[in-house]
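> Predicted model and sequence below, questions to follow.
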Amino acid sequence: MDTNLVHGEWFTTRQAAKVLGVDPSSMRRWRTADPPYGPAYVRVSPRVVMYSGEDIEAFLRAHRTDPAAAAA
């Protein structure tokens, strides 16, 4: 992970949900699941959560299924 967190692109819960194609309520459920699910996040305040573009991409890559590799 890049150690320079300030200069990357950041998304609100609503924006991150749109990128992932899910409802924002899913993002909130993922954060409170035990164990937590979804991309890593930063709680900026009790009501504000932000997601880095890098963490969203890492989450997508970690859940990627390659049909060709699965068939082998």
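Nice, thanks for sending it over. Residues are numbered from 1 along each chain as shown.

> And the helices in the protein?
For the chain, the helices defined by DSSP state H cover 13-20, 24-32, 53-62, 67-71.

> Dump the C-alpha coordinates for the last one into PDB.
If I follow you right, that is helix 67-71. Only the C-alpha atoms of helix 67-71 are listed here, as PDB (Å, rounded to 0.1, in the frame of the first residue of the first chain):
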ATOM      1  CA  PRO A  67     -12.900 -18.300 -15.100                       C
ATOM      2  CA  ALA A  68     -10.000 -19.600 -17.100                       C
ATOM      3  CA  ALA A  69      -7.900 -20.100 -13.900                       C
ATOM      4  CA  ALA A  70     -10.900 -21.700 -12.100                       C
ATOM      5  CA  ALA A  71     -11.400 -24.200 -14.800                       C
END
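
> Burial check on residue 12, number of neighbours?
Neighbourhood size, residue 12 [other Cβ atoms under 10 Å]: 15. For every residue, glycine as well, the C-beta is placed using N, CA and C.

> List the beta-bridge partners for it.
Taking DSSP bridges as the rule, residue 12 bridges to residue 50.

> Can you give me every residue that contacts it?
Contacts for residue 12 (Cβ atoms under 8 Å, 6 or more residues apart in numbering) come out as 48, 49, 50, 51.

> Check residue 30 too.
If you count contacts by Cβ under 8 Å, 6+ apart, then residue 30 has 36, 37, 38 around it.
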